[in-house]
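K.L.:
please find the sequence and the predicted model below.
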Amino acid sequence: MTDTLIGDDIKARVDKAVETGMATAVWAQVHPDKVAVHEGLDGRTRTFGELNANANRLVRLMRAHGVQAGDAIALLCTNRMEFADVLFAALRGGFRMTPVNWHLKPEEMAYVIDNCEAKALFADIRVTGAGEAADACPQLKLKVSIGGELPGFLPYETLEDFPREDLADPVRGSTMLYSSGTTGRPKGVYKPNAQAVGGYDAIYDRAVDKHICTGPGYHASPLAGDIRRALNNGVPTVLIDKWDTEQVLRTIQDLKVTRGHFVPIMFQRMLALPDEVRAKYDLSSLKRITHGAAPCPPEVKAAMIEWIGPKLFEYYAGSEGGVGFTVGSEDWLKRPGTVGRRPHKAAARILDEAGNECPPGVPGAIYMSLNDQGGFTYYKDDTKTQANRKDGYFTMGDVGYLDEDDWLFLTGRSAETIIAGGVNIYPQEIDNELIKHPAVEDSCTVGIPHDERGEEVRAVIQLKAGYQPTEALKAEILDYAARVLAKFKIPRAVDFVVDLPRSEAGKIQRNKVRAPYWEGRSRAI
């Protein structure tokens, strides 16, 4: 199957269609029976023709209930086919769609639905508390249940009452994601000037390429890359609703997956499989694995490259955007730990606390140019918007340094910096070393109260299977730390936990690990 099945130039058609959210309509004409969405290895499938038809029907359904271009809608849905239907309806109906984190408590879901000013809500019945969240949002004009019945909701199948033909008057819509922030309520990242995502991309071999979406679709990178960009380019995607390490390997092998987005904890779980289990699966179809969202320990990344080859491609960005920090495997192996090279001098700056530019090798706050990514605001929160700005640049709170050749290295987050006796200590640097110990599955270093020094370094460790949390093992890990870390970075003690708390993006929630140590104190620093 090629892109020349019809006479018109496909690239020109897709690039034009993406401006009104109709790129998938092009592929529905080219190959209507090609599978667009797989629900895992053995689940349901949706063809490009069906996906396109449902997007058209959903727009008409919403219009019939008074939801018009310019209105916001909310999607509370796990990784299932209907997620793609609603997304592409929003993109052609002129709606601003917010995918809601379905792991939140009902009152938190309701906050996001209300704050984004949604007029319609599409809710998966598998999401606990979806109905309760909807009941708290009286502004909703339309409520639709996915996968079954919910009181007060129209069933998803109602869309079948509406025509499937392409819209005569499509209007380009958008998405607005909510930042996961470590404190306070999540905030919508509003990008009214963002460019259309998913124009024709020559990197794809549409005869064979297939994405795997391993993270929840409500996160920025899975949404943009594995769902939106892939499907706009006529490339199928495989939606993984729940991580199962061996099943993911089997899915890659059996569906011949070529591309996907992963986070470091997924790499660690894959590497933790016995050699004989990993050897059972043929992963040779993989061409490129993109990763980001959380720092990847160098040893983990090196082991992945050794296993599957130089196919890892890292980026540094966030829900707020980025400026093009990327690095392929070959360049990374020459500079282990880098997250990419500054694309040009004005793209990003490293600033000290006084706002001065840091010289190469000196860590400081990372500020990225607003001009390079179209700009954004935190929705209905001017105070937060202005708090992360400085002279046309914004920061996500990360700390790092540029080397002499403009390669960026992360050392931590300013909110997580440990200050012991007036010395700044960046916990990610410590975690990158502790994870090398054979017993350590993962590490989260935090600052805990110290009467004299303000804070002291404490390592909170999740052990690999087969290791027991003994005092002897604590001593062994501390002895190891003393060999590999500068003295002021060495943890003063180790605590073991069964699991470290993570966001659904795979990031360790350092604030949750830190909080119990500061409980009952008027200050947490």
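P.N.:
That came through, no problem. Residues are numbered from 1 along each chain as shown.
K.L.:
for residue 395, give me its contacts.
P.N.:
365, 366, 367, 368, 388 (C-beta atoms under 8 Å, 6 or more residues apart in numbering). No exception for glycine: its C-beta is placed from N, CA and C like everyone else's.
K.L.:
the stretch 101-250 of the chain: strands as residue ranges?
P.N.:
Per DSSP state E, counting those that start in this stretch, the stretch 101-250 of the chain carries strands over the ranges 118-124, 142-146, 154-155, 174-175, 177-178, 188-190, 211-213, 237-239.
K.L.:
residues making contact with the last one?
P.N.:
Contact with strand 237-239 is made by 36-41, 79-81, 83-84, 210-213, 217, 226-227, 230-231, 251, 255, 257, as judged by C-beta under 8 Å, 6+ apart.
K.L.:
cutoff 6 Å now
P.N.:
Residues from elsewhere that reach strand 237-239 (C-beta atoms under 6 Å, 6 or more residues apart in numbering): 37, 38, 39, 79, 211, 212, 213, 226, 227, 230, 255.
K.L.:
swap in the longest one?
P.N.:
In this structure, residues lying in contact with strand 118-124 by C-beta under 6 Å, 6+ apart are 62, 67, 71-78, 86, 130, 134, 140-147.
K.L.:
which PyMOL command selects the buried ones in those?
P.N.:
Applying 16 or more other C-beta atoms under 10 Å to the contacts of strand 118-124 leaves a buried subset, and the PyMOL line that selects it is:
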select buried, resi 62+67+71+72+73+74+75+76+77+78+86+130+134+140+142+143+144+145+146+147
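K.L.:
and residue 336, what are its phi and psi?
P.N.:
With angles defined as degrees, to the nearest 10, residue 336 sits at phi -50, psi 130.
K.L.:
and it, how close does it get to residue 344?
P.N.:
Separation of residue 336 from residue 344 (C-beta to C-beta, to the nearest Å): 24 Å.
K.L.:
next, count neighbours for the nearest residue to residue 298 once chain neighbours are set aside.
P.N.:
Among residues not flanking residue 298 along the chain, residue 336 sits closest, at 4.4 Å (C-beta to C-beta, 6 or more residues apart in numbering). The criterion is other C-beta atoms under 10 Å. On that basis, residue 336 has 12 neighbouring residues.
K.L.:
before we move on, what about residue 436?
P.N.:
Neighbour number of residue 436 under other C-beta under 10 Å is 14.
K.L.:
one more: residue 375?
P.N.:
Residue 375 has 17 nearby residues by other C-beta under 10 Å.
K.L.:
a strand runs through it, doesn't it?
P.N.:
No. When DSSP: H, G, I helix; E, B strand; the rest coil is applied, residue 375 is found to be coil, with no strand at that position.
K.L.:
nearest spatial neighbour of it, chain-adjacent residues omitted?
P.N.:
Counting by C-beta to C-beta, 6+ apart, the residue nearest residue 375 is residue 193, at 5.7 Å.
K.L.:
do the same with residue 456
P.N.:
residue 450 (4.1 Å).
K.L.:
and what of residue 225?
P.N.:
residue 261 (5.5 Å).
K.L.:
so where is the stretch 1-150 of the chain shaky, pLDDT-wise?
P.N.:
1-8 (pLDDT under 70).
K.L.:
ranges for the helices of the stretch 251-400 of the chain?
P.N.:
Taking DSSP state H, counting those that start in this stretch, the helices of the stretch 251-400 of the chain run over residues 264-271, 275-278, 298-308, 329-334, 382-387.
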